[in-house]
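J.: quick one, structure for this:
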Amino acid sequence: MADTVIKVENLSKSYVLSHQQEGYRYKALRDVMVDGAKSIAKTLNPFNQNAKRKTQNSNREEFWAVKDLSFEIKQGDRVGILGRNGAGKSTLLKLLSRITEPTHGSIEITGRVASLLEVGTGFHPELTGRENIYLNGAILGMERQHIKRKFDEIVDFAEIEKFLDTPVKRYSSGMYVRLAFSVAAHLEPDVLIVDEVLAVGDANFQKKCLGKMQEVSNDQARTVIFVSHNIEAIQRLCSKCLLLNKGQLINYDNTNSVITQYLSSNSYSYQALPNEWINLSNVTRNGNGQARFISVKYRSSKKDISFNAYSNGELEFLLNIESDSSRNIGSLAVVVYNHFGIKLVNADIVSLGQIISLQQGENIVQLNIEKLHLKSGTYVIGLWLSDSSFHTIFDYIESAFEIEVVELPSEEFGIACDGLVTCNFQVFSAPIADSNLNLKTYK
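T.: All right, here's what the predicted structure looks like:
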């Protein structure tokens, strides 16, 4: 179990980026012919050649997607890779999968590697699902008899028996991923590499995949490398994590410590005061921006605690939203995360079946959480705005600001119980002999 399966030393990968010259325009055929004639004359002059090389070099830039990475992964390890977009995660997986070659450094891998990096990895679109199972197995170096033994398990896990003899080009993206993951996980690779591609599947299938990867690692002592922006999935599956930033290795340690470092460096540091407008112009966000959050204010009803959020109390949010045109919004949410990025509260109008009408320009929307069932501590607030009918995301801010939830002072009770979530409960006692006891623990 302690054998090294993957050894990476001084691994680097660079790409050359070309930049378009200012004032560049597409050329007509006559322009190409004229330029060709001019270039023949210029090639006879060595001074012009030197000038040309300098101009070309000024329009090219060397970009290091991965820079000087060194680490080892043991047999049976489940390793997550964390980092913001552009950190080098996908490039590292392509290097480990031998899809691309490194510029410098070395990779030593013991055993077979199965990779699932994007929808349709290793599949031929014209072949049926059945044929692609055998094709993938052959690519992994499996004998036909071994693939036959695993065939029924693969089909059952992927849940595509009805479409098994249909060309995969007609599959939906979810069906594609289900079959591709099932093949990769069941044909017993020594190293299973899975990218964010699982996000294409539905929630139940994602849970199923996480369970399978745990089984592959625990029961079969095989190595799993997993990339995901789903912090909860990383925390459930992985025992260790790599943290990348701009192609460099920042940390390689146990999962909880790496997640804490990742979140603390990922704009989860601005703690906003209650009852004051918070400007959202500089936060990291996604969406088309046709409607967007401009500012927000939050407050409780307790003036004696400076309007701070408190356990089991009402919490009011005033959302200043700017829209390019009049529109109806079917999904508007205030989301509360803990410091591990786990979603604790999702107050979304979808659950109410409510529609919000926005006018062109600025709008104020008030959202009240009636009881905040959170213990004291620091939490991250996220904001969401979309059209649920057309699957259009207008604005999504995963980390807008932090709030502090406080405990109200009480003389009636002693030390508060541990835990993130509060609850109302009752306790009843009676003699053991009373068989008609109806014990209600929670309400």
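
J.: lowest-confidence helix or strand of the protein?
T.: Every helix and strand of the chain was ranked by mean pLDDT, DSSP states H and E. The lowest is helix 46-58, at a mean of 55.

J.: that's a helix at Ile234, yeah?
T.: Yes - if the criterion is DSSP: H, G, I helix; E, B strand; the rest coil, then Ile234 is within a helix.

J.: could you report the neighbour count for it?
T.: When neighbours are counted by other CB atoms under 10 Å, Ile234 registers 25. From N, CA and C alone the C-beta is placed, and that goes for glycine too.

J.: shift numbering so it begins at 18
T.: Sounds good: first residue 18 from here, last item Ile251.

J.: check which helix or strand covers the closest residue to it other than its chain neighbours.
T.: Distance criterion CB to CB, 6 or more residues apart in numbering; nearest residue to Ile251, sequence neighbours excluded, is Gly97 at 4.2 Å. Using DSSP states H and E, Gly97 sits in strand 95-99.

J.: ok, and what's touching that strand?
T.: In this structure, residues lying in contact with strand 95-99 by CB atoms under 8 Å, 6 or more residues apart in numbering are 90, 106, 109-110, 230-231, 234, 240-245, 251, 254-261, 272, 275-276, 279.

J.: for that strand, buried residues please.
T.: Buried residues in strand 95-99, counted by 16 or more other CB atoms under 10 Å: 95-99.

J.: which one of those residues is nearest Gly139?
T.: Ile98 (20.5 Å; CB to CB).

J.: domain parsing for this protein?
T.: As given by automatic domain parsing, the domain ranges for the chain are 81-281, 295-423.

J.: would you single out the least confident of these?
T.: Ranked by mean pLDDT, these end with domain 81-281 at the bottom, a mean of 86.

J.: from the chain's centroid, how far away is it?
T.: Remark: domain 81-281 is offset 14 Å from the chain centroid, using CA atoms, centre = their mean, to the nearest Å.

J.: could you do stretch 349-357 as well?
T.: 15 Å.

J.: please report how far Gly97 lies from Leu261.
T.: 11 Å (CB to CB, to the nearest Å).

J.: repeat for Leu280
T.: For Leu280 relative to Leu261 (CB to CB), the value is 15 Å.

J.: ok, now which ones touch Tyr151?
T.: 161, 164.

J.: output the host helix or strand of it as CSV, restricted to C-alpha atoms.
T.: Under the criterion of DSSP H and E, Tyr151 resides in helix 146-156. Output of helix 146-156 as CSV, limited to C-alpha atoms (Å, rounded to 0.1, in the frame of the first residue of the first chain):
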residue,chain,number,x,y,z
GLY,A,146,-22.0,2.2,-26.8
ARG,A,147,-21.3,-1.6,-26.9
GLU,A,148,-18.5,-1.1,-29.4
ASN,A,149,-17.0,1.8,-27.5
ILE,A,150,-16.8,-0.4,-24.3
TYR,A,151,-14.6,-2.9,-26.1
LEU,A,152,-12.6,-0.1,-27.8
ASN,A,153,-11.9,1.6,-24.5
GLY,A,154,-10.9,-1.7,-22.9
ALA,A,155,-8.5,-2.4,-25.8
ILE,A,156,-6.9,1.1,-25.3
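
J.: tell me which of Leu280 and Leu261 has more neighbours.
T.: Taking other CB under 10 Å, Leu280 and Leu261 do not tie; Leu261 has more neighbours (25 against 20).

J.: can you name the helix or strand that the more buried one falls in?
T.: strand 257-262.

J.: after that strand comes which helix or strand?
T.: strand 265-271.

J.: touching that next one from outside, list them.
T.: 84-88, 105, 256-261, 274-275, 278.

J.: list the buried ones in it?
T.: The neighbour-count check on strand 265-271 (16+ other CB under 10 Å) flags 265-267, 269 as buried.

J.: Asp236 is in contact with Glu205, correct?
T.: No - the pair Glu205 and Asp236 fails to qualify as a contact (CB atoms under 8 Å) at a distance of 11.5 Å.

J.: walking through the stretch 218-367 of the chain, point out its helices one by one.
T.: With DSSP state H, counting those that start in this stretch as the criterion, the stretch 218-367 of the chain has helices at 220-235, 248-254, 272-281.

J.: contacts for the last one next, please.
T.: The list of residues contacting helix 272-281 from outside it, by CB under 8 Å, 6+ apart, reads 97, 99-100, 248, 251-252, 255-260, 267-269, 356-358.

J.: next, the angle from it to strand 257-262.
T.: 20 degrees (axes from the mean of the first three to the mean of the last three CA atoms, to 10 degrees).

J.: with only the CA atoms kept, save helix 272-281 in CSV.
T.: Listed next in CSV are the C-alpha coordinates belonging to helix 272-281 (Å, rounded to 0.1, in the frame of the first residue of the first chain):
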residue,chain,number,x,y,z
THR,A,272,-7.5,17.6,2.6
ASN,A,273,-8.9,19.8,5.4
SER,A,274,-5.7,21.9,5.7
VAL,A,275,-5.4,22.4,1.9
ILE,A,276,-9.1,23.3,1.6
THR,A,277,-8.8,25.9,4.4
GLN,A,278,-5.8,27.4,2.6
TYR,A,279,-7.6,27.4,-0.7
LEU,A,280,-10.7,29.1,0.6
SER,A,281,-8.8,31.7,2.6
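
J.: got the angle for it vs strand 265-271?
T.: 140 degrees.

J.: can you check the first one too?
T.: Using the same axes, to 10 degrees, one finds that helix 220-235 and strand 265-271 are set 80 degrees apart in direction.

J.: which other helices and strands does helix 220-235 contact?
T.: strand 95-99, helix 190-203, strand 208-211, strand 240-244, helix 248-254 (3 or more CB pairs under 8 Å, 6 or more residues apart in numbering; DSSP states H and E).
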